[in-house]
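Q: A structural model of the following input is requested.
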Amino acid sequence: KRFLSGSKQSREYRREVDGLRKLSELGMNCPNLLFTARGESEDVWVVTEFIENSSELSDLLVGLHKVNPKREKQILRSFVQTLLQHWQAGVYQTDGHLRNFLWDGQHVYTVDVGSVRFVGRPLSIAHKLDILSAMLGRYAESFRHVFVKSFVQTCHEIGETSLSKRMRSRRFMHHVTKDEARNLRRIWKKSQRNCTEYLKTCFQHKTLICQRELDPFLIDVLKSQPDKLMEMGQRLKDGNTCTVQLVKWADQKIVVKRYNQKSFFYRLRHAFSMSRAMRSWANGIVMHQIEIPTARSLAVVEERQYGLPKRAYFVMGHFEGENVFNYLNSISESQGDFERVLSQLSKLFLRLKQLRAVHGDFKAKNILVSASNICLIDTDGLRFLVRRRKFYNEFRYDYQRLLANWREGSSIRCKLDNYISSIFES
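A: Okay, the predicted model is just below:
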């Protein structure tokens, strides 16, 4: 691990080295410190052993390569035991992220030790709950449910009943919700800057942000000739406001949405506003991380002329599905698939309510349905954490707009209303 020269980096280097030594002295699993070295430009290197056959917990538990439930339970149990061991010794991570822990098949190892703090005494229950709340606020609701269940079970087995009881309280879950809101704002800001996940570059009056793993050839096209993509594939929509194209790129289907140039006065009024394309990109990133079903954001390009917004392009993954109106009308109301779609719509509205999120345009064409999932699209107007006074009126409007896709008194509308209306009662 390399630390560049500078007072801040020097402090981080010292914390890293001291942390590795202290954890080893306490008998806690971490990579063994081999040696440190100083480079010619005053940068410092910290060299530790490599943990063979290890993976970050974030990849195993919430990433793309999730393990089976039985294995997940074993890993979670070991992780919970590690946390409790740390806390009893007065040790805790200020950056409580799962990527700061490795699993080698038998043990959990603590890495990124520079963010570890040593207080010399067991942590109080209140401190433990604050750490757990901040950590759980980073992850989707499905993982939180599994983690809390495993944590409570492990606490019961070792006699930590007071902690497990507090974890199941409404007050604790309220704190987790608040931390989730803070994390949502963090993700929103992170999606618009250069970081390990996203590449941001500015060139020739253009701004490009994209997923770092995006095909380099596609990135080149977006930089030089984004309109070239609008000549490929199939036209899905050709309107005054935007043009939408389905493109097959390297055996993958993508959707390119171009926001067309507006009048001079419109551009002048919105000179300092975030473009609709950028909102679509950022909303897609946030929704993907907090488990609101939507097409994955791949890239966004903004063009400006004399400082005024010109055209913008939003690139997303393609979701193969039919709009919710056609889908529900095409199947029998007695089929299990009909019930499945209603259940997924109910979960969608419940998740939006938890995050005080308003979409603004719940037309049937903006909800796509496949044989297994649903997908909410056209999210450039979606807003999170709307003020409570405004939220419930706007949220109810979203719901009424969904119902309005079917005529008054129709059986589908009645069943949908019966299934979802309870969300608005509390």
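
Q: Surely Lys237 forms part of a strand?
A: Yes - Lys237 sits within a strand when classified using DSSP: H, G, I helix; E, B strand; the rest coil.

Q: How about it, nearest residue that isn't a chain neighbour?
A: Using C-beta to C-beta, 6 or more residues apart in numbering and skipping the chain neighbours, the partner closest in space to Lys237 is Val244 (4.0 Å). No exception for glycine: its C-beta is placed from N, CA and C like everyone else's.

Q: ok, the one you found touching Leu236?
A: Yes - here Val244 reaches Leu236: they are 4.3 Å apart, a contact under C-beta atoms under 8 Å.

Q: If you count surrounding residues, which of those two has more?
A: Using other C-beta atoms under 10 Å as the criterion, Val244 and Leu236 rank with Val244 on top: 18 against 13.

Q: Identify the bridge partners of the more buried one.
A: Lys237, Lys257 (DSSP bridges).

Q: what touches both of Val244 and Leu236?
A: Val255 (C-beta atoms under 8 Å, 6 or more residues apart in numbering).

Q: Quick check: the residue nearest to Lys237 vs Ser54, distance?
A: According to C-beta to C-beta, to the nearest Å, Val244 stands 43 Å off from Ser54.

Q: cool, Arg304 as well?
A: 46 Å.

Q: go on, Tyr313?
A: In this view, Tyr313 and Ser54 are 40 Å apart by C-beta to C-beta.

Q: wait, Ser78 sits on His107?
A: Yes - counting by C-beta under 8 Å, Ser78 does reach His107; the two are 7.0 Å apart.

Q: in the stretch 201-350 of the chain, which spans are helices?
A: Counting by DSSP state H, counting those that start in this stretch, one finds helices in the stretch 201-350 of the chain at the ranges 216-224, 264-269, 276-289, 324-330, 336-354.

Q: Return the most buried member of those.
A: Using mean count of other C-beta atoms under 10 Å, the stretch among the helices of the stretch 201-350 of the chain with the greatest mean number of neighbours is helix 276-289 (a mean of 23).

Q: what's that helix packed up against?
A: helix 170-190, strand 252-259, strand 297-305, strand 308-317 (3 or more C-beta pairs under 8 Å, 6 or more residues apart in numbering; DSSP states H and E).

Q: and the direction of that helix versus that of helix 170-190, what angle?
A: Orientation check (axes from the mean of the first three to the mean of the last three C-alpha atoms, to 10 degrees): helix 276-289 against helix 170-190 gives 140 degrees.

Q: what's the distance between helix 276-289 and the middle of its chain?
A: Offset of helix 276-289 from its chain centre (C-alpha atoms, centre = their mean, to the nearest Å): 10 Å.

Q: Show residues contacting that helix.
A: 140, 184, 187-188, 191-192, 198, 209, 257, 259, 274, 293-297, 299-302, 312-314, 316, 376, 379-382, 384.

Q: picking up where we left off before, please dump the helices of the stretch 201-350 of the chain into CSV; it should also carry mean pLDDT and distance to Leu61 for every row.
A: Shown next, in CSV, are the helices of the stretch 201-350 of the chain (pLDDT from 0 to 100; distance: least, C-beta to C-beta, whole Å):
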stretch, mean pLDDT, distance to Leu61
helix 216-224, 94, 31
helix 264-269, 83, 46
helix 276-289, 94, 14
helix 324-330, 92, 32
helix 336-354, 91, 20
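
Q: Now tabulate those helices in CSV and tack on distance to Val62.
A: Compiled in CSV, the helices of the stretch 201-350 of the chain are given as follows (distance: least, C-beta to C-beta, whole Å):
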stretch, distance to Val62
helix 216-224, 27
helix 264-269, 41
helix 276-289, 10
helix 324-330, 28
helix 336-354, 16
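
Q: Quick one, which of these gets closest to Thr161.
A: Closest approach to Thr161 among the helices of the stretch 201-350 of the chain (C-beta to C-beta): helix 336-354, 28.3 Å.

Q: Which strands or helices does the helix or strand just after that closest one pack on?
A: Counting by DSSP states H and E, the next helix or strand C-terminal to helix 336-354 is strand 367-369. Here strand 367-369 touches strand 322-323, helix 324-330, strand 374-376, going by 3+ C-beta pairs under 8 Å, 6+ apart.

Q: out of the ones you listed, nearest to Leu34?
A: Smallest distance to Leu34 across the helices and strands packed on strand 367-369 (C-beta to C-beta): 48.6 Å, for strand 374-376.

Q: what residues does the helix or strand following that closest one touch?
A: Using DSSP H and E, the helix or strand that directly follows strand 374-376 along the chain is helix 388-403. Helix 388-403 has contacts (C-beta under 8 Å, 6+ apart) with 345, 349, 352-353, 356, 358-363, 367, 386, 413, 416-417, 420, 424.

Q: what about Asn53, is that helix, strand or coil?
A: Classification of Asn53 using three-state DSSP returns coil.

Q: how much space between it and Cys30?
A: The gap separating Asn53 from Cys30 is 17 Å, by C-beta to C-beta.
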